[in-house]
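Novice: Fold the following and give me the result.
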Amino acid sequence: MIRPPIERPKVGRATKMTEEEWAAWRERQLLGNSWAAASAQIAAAAIRDNPALLDEFRLYAAQFPHYNRHTLANSMRLWAQDPDATRVQGEKWWHGEGRELRDGAVPVWIESLYQGNRREERENPQTGETEEIVRRTRAMVGTAVYDVSQTLPKQGAACTLCQTEPGQECPATCPVYQGEAGHIPTRGAVLMEAFNQLKLVGGLDLEEILGQLGDDPYRDGDRVEGVNSFVISVPKPGGKGTRALRVHVSHDDKGRTRYAVVRVGVFWIGLDALEYDRSTYGGSRRPDYLRVQYGDDPETGKYECDQGYRSRPGAPVVNTITLAGDGVYDPSNTSADGRHGPYVGRPGRYNTVSVPDKTERAVRAIVHQLTQHWLKQPSLDELRDAHDRYHAPSRKAGHDRKAQRLREQVEQLAAELAEQEEAAAAQAALLQQEGEQGEPVEASA
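Specialist: Residues are numbered from 1 along each chain as shown. Sure, this is the predicted structure:
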């Protein structure tokens, strides 16, 4: 592992440090290098001395797939330093997720690849003059990363996932604490990494350790479940370029899908419940139309939010405009450029009012990407069934009311029918009486 230079470099971020700041940074980096080097050996020794920990580590490592692409060493470092960690990333990554480090945040040290150019001054042996040369550097360095428990929602914006206020700790139920989904490494892969970490201090006996273990509870290809998320491209404020933002996905018992777009807000997408009513009560059926709701359901003030003259909690903010209301649209008629899609509104005096064209297109571009994900969900049929089950009571009540009206109409028609049949029978009797007497019966005036 490369050691930081003793003298402060003349290029890069070190130039913005004072000598005291440089000395403190260098001391911290040296300590981090030591932790990164030692912690992997500590984890490997723990597995060697207590083979029962092997399968426990495998489940732990599975939730850090981005650290396991080439080696399990970094997962061992994480396990040795913070066995309760669930999501670990660098400070810059957390900033991109709308979070910041809490005061006194404790880092976890791993190794990462450093690539860059270093400028050095050397004396030219031929001319005797001092020249600046650029040397390409590629080396492993100690890197500080942080578990999600060391972060808080960034100042100026609530947590997109649970609406916790800035600077406050999210509750344990917030999806931000969920680990990533990933493959469970094999016993052999873990033991080989442990052997590599311990080979300079005696190594370990792979067959002996495997002999102490029973049958493997996990098969090759088994995975652990984790946070359901993906990345979309969102227009930057002002419309100049795009930025990649993570979207966290969850579902409710109404068959709707909640898309929490980090640093933007919450979109709910599901089947439009009113389409059933339109088809049932004589309207034209528009199959599979979707409804997008901007923001979460409020605890109070639902009417105001549904009418659109008040924004819902967690409503998306696009180009500094907070959205309100909802929009119904044909999922086959959305476009990536935002020219087609649902209605986009913001709070007005009595209901929603339109947003500027640039904002409308930006929102529709986001909804288009979310809709494509919604349509491709493996659980789509289950969501449709959940939607129907949730609306079944109100729909049954609607059918019961209509059936009651029809019964009342039937009873009324039956009474009218009986009255008409009775009158017809009376007239028939008169006709029969005329036939028996052979004389016409005079109609009364």
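
Novice: Excluding sequence neighbours, find me the nearest residue to Glu91.
Specialist: Of all residues not flanking Glu91 in the chain, Leu101 sits nearest, at 6.0 Å (CB to CB, 6 or more residues apart in numbering). The C-beta positions use only the backbone N, C-alpha and C, and glycine is treated the same way.

Novice: I'd assumed Tyr146 was in contact with that neighbour.
Specialist: Yes - taking contacts as CB atoms under 8 Å, Leu101 lies within contact range of Tyr146: 6.2 Å.

Novice: for the residue nearest to Glu91, phi and psi?
Specialist: phi -70, psi 140 (degrees, to the nearest 10).

Novice: dump the residue contacts of it.
Specialist: Taking CB atoms under 8 Å, 6 or more residues apart in numbering, we find Leu101 in contact with 91, 94, 146, 150-152.

Novice: Tabulate these (a markdown table), appending secondary structure.
Specialist: Formatted as a markdown table, the contacts of Leu101 follow (DSSP: H, G, I helix; E, B strand; the rest coil):
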| residue | secondary structure |
| --- | --- |
| Glu91 | helix |
| Trp94 | helix |
| Tyr146 | strand |
| Gln150 | helix |
| Thr151 | strand |
| Leu152 | strand |
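
Novice: Buried ones among those residues?
Specialist: 91, 94, 146, 150-152 (16 or more other CB atoms under 10 Å).

Novice: quick one: which of those is nearest to Thr71?
Specialist: Tyr146 (21.0 Å; CB to CB).

Novice: Quick check: the two most widely separated of the contacts of Leu101?
Specialist: Longest distance between any two of the contacts of Leu101 is 12.7 Å, between Glu91 and Leu152; criterion CB to CB.

Novice: right, and the helix or strand after the one helix or strand in the chain whose mean pLDDT sits lowest?
Specialist: Taking mean pLDDT, DSSP states H and E as the measure, the chain has helix 274-280 as its least confident helix or strand, at a mean of 62. Downstream of helix 274-280, the next assigned helix or strand under DSSP states H and E is strand 290-294.

Novice: Tell me how far that next one lies from the chain's centre.
Specialist: 16 Å (CA atoms, centre = their mean, to the nearest Å).

Novice: any residues touching it, and which ones?
Specialist: Contacts of strand 290-294 (CB under 8 Å, 6+ apart): 256, 265-274, 311-312, 315-316, 323-331, 342, 367, 370-371, 374.

Novice: buried subset of those residues?
Specialist: Looks like those have 256, 265-273, 311-312, 315-316, 323-327, 329, 331, 342, 367, 370-371, 374 buried, using 16+ other CB under 10 Å.

Novice: All the strands of the stretch 101-250 of the chain, residue numbers only.
Specialist: In the stretch 101-250 of the chain, the strands defined using DSSP state E, counting those that start in this stretch lie at 108-123, 130-147, 151-153, 182-183, 223-224, 229-235, 242-251.

Novice: Out of these, which is closest to Glu21?
Specialist: strand 130-147 (15.9 Å).

Novice: other SSEs contacting that closest one?
Specialist: Strand 130-147 sits against helix 19-49, strand 88-89, helix 91-96, strand 108-123, with contacts defined as 3 or more CB pairs under 8 Å, 6 or more residues apart in numbering; DSSP states H and E.

Novice: Mean neighbour count, those: which tops it?
Specialist: Mean neighbour count, computed with mean count of other CB atoms under 10 Å, is highest for strand 88-89 among those, reaching a mean of 22.

Novice: returning to what we had before: state the pLDDT value of the residue nearest to Glu91.
Specialist: For Leu101, the model assigns a pLDDT of 95.

Novice: Show me the beta-bridge partners of it.
Specialist: On the basis of DSSP bridges, Leu101 is bridged to Thr151.

Novice: hmm, back to that, closest to Glu419 among the contacts of Leu101?
Specialist: Nearest member of these to Glu419, counting by CB to CB, is Leu152, at 77.7 Å.

Novice: how near is the nearest residue to Val266 once chain neighbours are set aside to His248?
Specialist: Using CB to CB, 6+ apart and skipping the chain neighbours, the partner closest in space to Val266 is Gly314 (4.1 Å). The gap separating Gly314 from His248 is 12 Å, by CB to CB, to the nearest Å.

Novice: between those two, which one's more packed in?
Specialist: Gly314 (24 against 21; other CB atoms under 10 Å).

Novice: how far away is that one from Arg243?
Specialist: 20 Å.

Novice: Ok, Gln372 next?
Specialist: In this view, Gln372 and Arg243 are 19 Å apart by CB to CB.

Novice: One more: Pro83?
Specialist: Here the criterion is CB to CB. By it, Pro83 lies 34 Å from Arg243.

Novice: low pLDDT regions in the stretch 151-300 of the chain?
Specialist: 238-239, 275, 277-287 (pLDDT under 70).

Novice: give the contact list for Gly325.
Specialist: Counted by CB under 8 Å, 6+ apart, Gly325 has contacts 294, 305-308, 343, 345, 351-352.

Novice: ranking these by neighbours, who comes first?
Specialist: Most neighbours among the contacts of Gly325, by other CB under 10 Å: Tyr294, with 29 neighbours.

Novice: What residue, apart from its backbone neighbours, is nearest it spatially?
Specialist: Leu323 (4.0 Å).

Novice: Next up, the contacts around that neighbour.
Specialist: 265, 294-295, 311, 315-317, 344-346, 355, 363.

Novice: I figured Met17 was touching Arg26, is that so?
Specialist: No - contact criterion CB under 8 Å: Met17 and Arg26 do not qualify, at 9.7 Å.

Novice: if we can go back for a sec, let's see which of the buried ones among the contacts of strand 290-294 end up in strands.
Specialist: With DSSP state E as the criterion, strands contain 265-271, 326-327, 329 from among the buried ones among the contacts of strand 290-294.

Novice: wait, which of these is closest to Ala194?
Specialist: Distances from Ala194 to these, taken by CB to CB, are shortest for Val266, at 43.6 Å.

Novice: how near is that closest one to Pro342?
Specialist: Counting by CB to CB, the gap from Val266 to Pro342 is 15 Å.

Novice: Kindly report the same for Pro235.
Specialist: Pro235 sits 17 Å away from Pro342, taking CB to CB as the criterion.

Novice: so who does Val353 touch?
Specialist: 345-347 are the contacts of Val353 under CB under 8 Å, 6+ apart.

Novice: okay if I get these as a markdown table plus secondary structure and distance to Asn68?
Specialist: Written out in a markdown table, the entries for the contacts of Val353 read as follows (DSSP: H, G, I helix; E, B strand; the rest coil; distance: CB to CB, whole Å):
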| residue | secondary structure | distance to Asn68 |
| --- | --- | --- |
| Gly345 | strand | 45 |
| Arg346 | strand | 45 |
| Pro347 | coil | 47 |
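
Novice: for Ala273, phi and psi?
Specialist: phi -60, psi -30.
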